[in-house]
Every structure is written in C-alpha cells, then in structure tokens.
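>>> My questions are about this predicted structure, shown below with the sequence.
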Amino acid sequence: MKTELANRRVLLFAIARDLVGADEVFVSVGLEPSAGEILLQLGEEFPELRVLLPTCRLAVDCEYVSSETLIKDTESELALIPPVSGG
Amino acid sequence: MKTELANRRVLLFAIARDLVGADEVFVSVGLEPSAGEILLQLGEEFPELRVLLPTCRLAVDCEYVSSETLIKDTESELALIPPVSGG
Amino acid sequence: MFETHFFTGIVDHPIDLDGLDQKLSNPDVGSQGWFYGVTRRTTSGKKTVSLSYQSHRAMADRHLRRLAEQAAEQFKLAGVVIVHRLGDVPVGEASVVVGCSSAHRSETFAALQWIMDTLKRDVPIWKREHFEDGATVWVHPEPVQAQQADSYAENQNTKERHL
Amino acid sequence: MFETHFFTGIVDHPIDLDGLDQKLSNPDVGSQGWFYGVTRRTTSGKKTVSLSYQSHRAMADRHLRRLAEQAAEQFKLAGVVIVHRLGDVPVGEASVVVGCSSAHRSETFAALQWIMDTLKRDVPIWKREHFEDGATVWVHPEPVQAQQADSYAENQNTKERHL
C-alpha cells in the first residue's frame, strides 16, 4: 500500500528562522498528519532545527495544538513556535 | 504624697476631631506619663472619645508608641491617631 | 553599588501623573509598575461626589518617606514614588499614586502591594466620603489589629484594679 | 451588569503612554495598575543598545485579546489594556504596557501579574538583544515546561519503536 504524501508549508520565527535561513519551509507528510508528525518531519528535513524542536510548539491557524492533534484542513496555516520571550 | 500634674496638649484628627469639636485638647497627667495614661485621661476628660479610643494609637513626635512608653520630654508633640484610611 | 531615586510627598492639588512618570525613568531598570487609587462614583449603592482627605501632615510625610526607603531596601528598587493628595478629590481623580521600578517584575509587583498595604495601615491620613445627598461619613477603615485595640482596654483594666 | 473596556494590540512604534492612560478612565472604578516592561542598558555586564521584537503577528494579536478577556473575567476587571511593541526598542523605552482597573486593588495587582506571566509563556513574540559590541542574541526564554518539551521527544521515541 502506497502512502499519499503532500507538501505542507510551515512558518518559521525567531531563532528557527535564523537556523534555517528562511521564514517558511515545506515538509512532506501524509494527508492528515498529526502535529507531532510535522515536528518530526521538520527534524528529518532540517537537521539544523533538531536541537531546538524539543522546546517548540506547533500552532495551527494561530492556536497551539498538542502533538496528537490531526491537521485535517489542507488550508490550515502551520507555524513552528519556539519558546517565546516577549515582554 | 502629692502627685505633680501637668497639662499636656494632644492633637486630634478626623473623627476624633469631629467628636470633640476641636483640633487639639489638653489633658491633666503626671510629669512623665505613659502613652497609655494619656489615652486613659482622654477618655476621662472627653467621654465622647471613649468608644473610639480602643482603636486609636498615640503618636509622640510623629512616631507611634506603645502604651507603656513614657513621655519624658515636655515639649514632645502628642497626637491621637484614629484608625487611618488613606489610599 | 545600588542607587535609589526617591520621590514622596503630600500634595493639595491634582497629582501630576505625567510628571511623576519621569521620576522613575532609568535606563538600567527593566520593570516599572504604577498603582493609582481613584475616587469612584458608587460605594455600596450610594453616589459619591468626592472624597476628602485629612492628615497629620508632618507625620504622614515622614512615614511616606520611610515607607519608600523600606520598600527600596526590601525589594531592591531602583526608584520609588509615593504621592498622596489631601483635601477634596473628585470622582475619577487620583488620591494616591505609587510607582516602583526594579530589575525584575516580581519585585516591582511585590513592592507596590507592600507599599499600599502598609500605607493603608500606618500612614496618618483619613478619608471622608461626600455623597450626592449631602451626607458625609468618615470611611470606616480596615479592621484595627487586636494588639492595637487592646492597649486602651488593658489600661482601663489596670486602672480599675488600682481603684 | 458588568461592562469591560478592552484595548489590546501590537504596534510598530513607540507606545503612547498618555493615550493609554485614557483607556482605563472610569468613574466607577477605584483601583488602577500599570506595568511597563522597558529595555534596560545592562544585562549581566554587557551593554545593551536595543531589543528587537519579532512576532507571529496574527497569532499574537489574537492571544493578547484572549489574555485580556480571560483576565477580565477571572479578576473582575472594568478595563484591560495590553500593548506590545515590535521591531527595535531602544534602551529606556517600553516594549510592553499592561494596565488593569477594578474595584479593589488586590484584583488589579493579581491581574497584572497573571497577564505578564501568561504573556511571557504563551504569546508568540520573541526578543533579540543587540549589544554595544555589535553582537546579537535571541534572548533565552523562560524554561519551557516539561510537558511541552516532551511532545517532540515522545514522538521521536514512538517513531524509533516503529522502525
């Protein structure tokens, strides 16, 4: 059985943006990936992010999600959120 | 043995001032009265203060004192301080 | 070295908030907090027109200054401002303004609260409320601590035993 | 009935403190508190020239708004202001301003602290420090909660078991 894959865009910010040198990247994942799978695939395709990823959260359409959350809408905006330091 | 007495001025504020109708009063006490004696004598001479006095503190030269404190300096300023309500 | 800027006082006019802001400006301090106590229109259903404040002025001045110094030491403040207004304070205007600055916000917040709590307990200032219907009342203050309330009663007992 | 006035936002220019003051004016509220986070000159010995802030703007906007709403409900606030500045914030200028008003000061203080703590944990804004010697560094944030840090590690373990 062949797994169908899709490229999903992920927005990068702050130190993640600097590490990759881009403000967005694309990762190749299944059609309804979980947030955890997105994070894992970011680590696979962008090894420079690996040290940072354990401290990051994923946001889907401007809301934090847990790693089990499935991303069903292909139009959803995905953002990698490193530990924040506002204030 | 005859006890020497002196008139000591006591400043009044807020509700104490209203109860007595004056911003200062004189009480007749011994030469080195304690703060407690001043408070007692205020109650003797100004019965209208009695209900208030249990909640009051005495200040000597702008500092709160305990009731045992002796007032040695005849020039010291005495002030009856009802419960404060600044802020 | 640690230098602290103090500004405390009792005033008879509206408190100049903008001017006070400048007192805490300090490029070495990251955290600044302010508290304003403002006359409010309604107290338990009755309409308040103004509060008027009376003080033992020399004593209040001294205690505000000491409050600022103690807070600065206790909470490592770089700046402290405490200003209390006397006389009539109309609805919507500030009767008291406290400002603190420090390296970290936890100290700023703790200092603001400690200053307000201590001011309301110890600084000889009294508030009278003026209602729309013409009535006035000395505001019932925070409950007096048992220890303080005892000192008069104790003396009375002592006296009675001596009679 | 309880009406709350909210004002939240992200700005790219100096924060207008006087203007914000007006947002909390309310004759029915006795207690008003403000917190300013200000760029400070020195951090552990190195001289800071400015901080620059980046955000996920739409998400930060939404989370600031929600913070204000949650704080208003939790602490019975009559007014809440939260403004965060982005881009370069020179030494001595405010990057964040939070204001709360309520009937009693305990709620004002509790709300200010809760808002700042939650903002620093959850609102997607990042700070970069620019030093006098030309170096820049993303400010190391508060320690990430174990639960958050675990989610990536867990997934890696799961994946490895599936290989």
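Ah, there it is.

>>> ok, now how distant is the residue in chain C that chain A sits nearest to from residue C:22?
Per CB to the nearest CB, residue C:105 is where chain C lies closest to chain A, at 8.1 Å. All C-beta atoms are positioned from the backbone trio N, CA, C, and that covers glycine. Residue C:105 sits at a distance of 21 Å from residue C:22 (criterion: CB to CB, to the nearest Å).

>>> Beta-bridge partners for the nearest residue to the residue of chain C closest to chain A once chain neighbours are set aside, please?
Ranked by CB to CB, 6 or more residues apart in numbering or on different chains and with sequence neighbours excluded, the top spatial neighbour of residue C:105 is residue C:31, at 4.3 Å. Beta-bridge partners recorded for residue C:31 (DSSP bridges): residue C:102, residue D:37.

>>> What segments of chain A are strands?
A:5-11, A:24-30, A:57-60, A:63-65, A:78-81 (DSSP state E).

>>> In JSON lines: those, plus distance to residue C:133.
Shown next, in JSON lines, are the strands of chain A (distance: least, CB to CB, whole Å):
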{"stretch": "strand A:5-11", "distance to residue C:133": "61"}
{"stretch": "strand A:24-30", "distance to residue C:133": "66"}
{"stretch": "strand A:57-60", "distance to residue C:133": "56"}
{"stretch": "strand A:63-65", "distance to residue C:133": "52"}
{"stretch": "strand A:78-81", "distance to residue C:133": "57"}
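
>>> Chain C is nearest to which of those?
Chain C sits nearest to strand A:78-81 of all the strands of chain A, at 22.7 Å, using CB to the nearest CB.

>>> Going by neighbour count, list what's buried in that closest one.
A:78, A:79, A:80, A:81 (16 or more other CB atoms under 10 Å in any protein chain shown).

>>> Would you map the helices across the chain?
I went with chain A, as the question did not name one. For chain A, applying DSSP state H gives helices covering A:14-20, A:35-45.

>>> meant chain C, my bad for not saying
C:17-23, C:57-75, C:105-122, C:146-162.

>>> Now tabulate the ones you listed in CSV and tack on mean pLDDT and mean neighbour count.
Output for the helices of chain C, formatted as CSV (pLDDT from 0 to 100; neighbours: other CB atoms under 10 Å in any protein chain shown):
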stretch, mean pLDDT, mean neighbour count
helix C:17-23, 87, 14
helix C:57-75, 97, 19
helix C:105-122, 97, 21
helix C:146-162, 43, 14
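
>>> Which of the buried residues of strand A:78-81 sits closest to residue C:99?
The closest of the buried residues of strand A:78-81 to residue C:99 turns out to be residue A:81 (CB to CB; 34.3 Å).

>>> How about that closest one, nearest residue that isn't a chain neighbour?
Using CB to CB, 6+ apart, the nearest residue to residue A:81 is residue A:57, at 4.7 Å.

>>> How about residue A:41?
Nearest to residue A:41 is residue A:27, by CB to CB, 6+ apart, at 4.3 Å.

>>> Now for that neighbour: which residues touch it?
Counting by CB atoms under 8 Å, 6 or more residues apart in numbering or on different chains, residue A:27 makes contact with A:7, A:8, A:10, A:38, A:41, A:42, A:44, A:45.

>>> Just the buried residues of these.
With burial judged by 16+ other CB under 10 Å, the buried subset of the contacts of residue A:27 is A:8, A:10, A:38, A:41, A:42.

>>> surely the third one meets residue A:30?
No: with contact defined as CB atoms under 8 Å, residue A:38 does not count as touching residue A:30 (10.2 Å).

>>> Could you pull up the contacting residues of the residue nearest the centre of chain C?
The residue lying closest to the centre of chain C (CA atoms, centre = their mean) is residue C:119, at 4.1 Å. By CB under 8 Å, 6+ apart, residue C:119 lies in contact with B:86, B:87, C:64, C:67, C:82, C:84, C:96, C:98.

>>> please redo it, this time with the cut-off set to 10 Å
By CB atoms under 10 Å, 6 or more residues apart in numbering or on different chains, residue C:119 lies in contact with B:84, B:86-87, C:37, C:60, C:63-64, C:67, C:82, C:84, C:96, C:98, C:125.

>>> ok, the residue in chain A that chain D sits nearest to to chain B distance?
Nearest residue of chain A to chain D: residue A:86, at 3.1 Å (CB to the nearest CB). Distance, residue A:86 to chain B, using CB to the nearest CB, to the nearest Å: 32 Å.

>>> So what's the residue count around that residue?
28 (other CB atoms under 10 Å in any protein chain shown).

>>> shouldn't it be in contact with residue D:126?
Yes: between residue A:86 and residue D:126 there is a contact at 7.1 Å, judged by CB atoms under 10 Å.

>>> list residues touching both of the two?
By CB under 10 Å, 6+ apart, residue A:86 and residue D:126 have these common neighbours: D:53, D:54, D:55, D:86, D:139, D:141.

>>> Which members of those residues additionally contact chain C?
Applying CB under 10 Å from any CB of the partner chain, the subset of those adjacent to chain C is empty.

>>> which among those end up buried?
Neighbour counting over these (16+ other CB under 10 Å) leaves D:53, D:54, D:55, D:86, D:139, D:141 as the buried ones.

>>> re earlier: can I get the strands of chain A in a markdown table with mean pLDDT?
Formatted as a markdown table, these follow (pLDDT from 0 to 100):
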| stretch | mean pLDDT |
| --- | --- |
| strand A:5-11 | 96 |
| strand A:24-30 | 97 |
| strand A:57-60 | 98 |
| strand A:63-65 | 98 |
| strand A:78-81 | 98 |
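
>>> that older thread, mutual contacts of residue A:38 and residue A:30, please.
Common neighbours of residue A:38 and residue A:30, using CB under 10 Å, 6+ apart, are A:8, A:71.

>>> Can you name the residues that contact residue A:15?
A:49, A:52, A:55-56, A:82-83, A:85, D:54, D:126, D:128, D:137-141.

>>> what do you get for residue C:8?
Counted by CB under 10 Å, 6+ apart, residue C:8 has contacts C:60-69, C:80-84, C:98.

>>> redo that, cut-off 7 Å
By CB atoms under 7 Å, 6 or more residues apart in numbering or on different chains, the contact list for residue C:8 reads C:64, C:65, C:68, C:82, C:83.

>>> Pretty sure residue C:124 sits against residue C:58.
No: if you go by CB atoms under 7 Å, residue C:124 and residue C:58 don't touch, sitting 9.5 Å apart.

>>> shouldn't residue A:7 be in contact with residue A:28?
Yes: using CB under 7 Å, residue A:7 is in contact with residue A:28, at 5.7 Å.

>>> okay, now the closest residue to chain B within chain C: neighbour count?
Going by CB to the nearest CB, chain B is nearest to residue C:125 of chain C, at 3.1 Å. By the measure other CB under 10 Å, the count of residues near residue C:125 is 28.

>>> now do residue C:56
The number of residues packed near residue C:56 is 24, by other CB under 10 Å.

>>> how much space between it and residue C:63?
Between residue C:56 and residue C:63 the computed distance is 9 Å (CB to CB).

>>> Tell me the residues on chain A that lie near chain D, please.
Chain A comes close to chain D at residues A:11, A:13-15, A:36, A:39-40, A:53-57, A:59, A:62, A:66-67, A:79, A:81-87, as judged by CB under 7 Å from any CB of the partner chain.
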